[in-house]
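Chemist: Kindly return the folded structure for what I paste below:
(one chain, ligands or ions: 1)
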Amino acid sequence: MTRTHPVVALCPGSFDPITVGHEQIIRRSLAFADRVLVAVAHRATHQKRGLFNVEERVAMIREVFADEPRVEAVEFQGLLVDFARQCGADLVIRGVRTVADFEYEMQMARMNRSLSPALDTLFLAPDAEHGFVSGTLVREIASLGGDVSRFVSPPVLRRLQERFAREEG
Ligand code: PNS
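Modeler: Numbering: from 1, shown residues only. The predicted model follows:
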């Protein structure tokens, strides 16, 4: 296939906070795209109670990918398909860890294609060592004083430590 423009991939999510699992999927996305937009949703479909606000989540993603100019962190409101159209994204990339993820992801991918037929979703399988890592578990473990240093990058760990030290103090 001849490309007439740089391929833009959208990696959308809650990223509350970004984990090493997300990071791996985002870095691997660069094999399929010239630019990767990591898009932090203001309101996820499955709304969860947030720890960090959207600005903090975007800031952490920028810190984590400071070494990679092809990755950009942005925030978005509203429907993913509308945002994808606005930023000229060619595809959406999502990591799928479990069977439960798969059902949810398949439903979203089909719905997004039904809303915007040109928008395809590419699923990537995280490596086994990242298959059990999630933002939800990282938040819970960090809030209870557990060690999450294997599951998040140093800038994220620092913010988690600051957040929970402040809550304890
Ligand atoms: O990290 P998450 O919480 O699994 O990400 C879910 C996300 C943000 C990708 C999804 O909730 C989403 O796309 N939200 C934007 C609103 C939208 O388009 N909803 C319809 C999805 S079919």
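Chemist: Okay, helices next: where are they in the protein?
Modeler: With DSSP state H, the ranges of helices along the chain come out as 20-29, 54-64, 80-86, 99-115, 135-143, 154-168.
Chemist: I'd like these as TSV, with mean neighbour count, distance to residue 41 and mean pLDDT appended.
Modeler: (C-beta placed from N, C-alpha, C; glycine too.) Formatted as TSV, the helices of the chain follow (neighbours: other CB atoms under 10 Å; distance: least, CB to CB, whole Å; pLDDT from 0 to 100):
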stretch	mean neighbour count	distance to residue 41	mean pLDDT
helix 20-29	21	13	98
helix 54-64	20	8	98
helix 80-86	17	7	98
helix 99-115	13	12	96
helix 135-143	18	12	96
helix 154-168	14	18	90
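Chemist: Take those and lay them out in TSV including distance to residue 12.
Modeler: Shown next, in TSV, are the helices of the chain (distance: least, CB to CB, whole Å):
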stretch	distance to residue 12
helix 20-29	11
helix 54-64	12
helix 80-86	5
helix 99-115	10
helix 135-143	13
helix 154-168	18
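Chemist: Serialize those helices to TSV and add fields for distance to the ligand.
Modeler: Shown next, in TSV, are the helices of the chain (distance: least, CB to the nearest ligand atom, whole Å):
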stretch	distance to the ligand
helix 20-29	8
helix 54-64	10
helix 80-86	4
helix 99-115	4
helix 135-143	7
helix 154-168	15
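Chemist: Tell me which residues touch the residue nearest in space to the middle of the chain, please.
Modeler: Centroid check for the chain by CA atoms, centre = their mean gives residue 13 as the closest residue, at 4.2 Å. Counting by CB atoms under 8 Å, 6 or more residues apart in numbering, residue 13 touches 22, 38, 39, 40, 41, 44, 94.
Chemist: go again using 10 Å as the cut-off
Modeler: 22, 25-26, 38-41, 44, 57, 61, 94-95, 135 (CB atoms under 10 Å, 6 or more residues apart in numbering).
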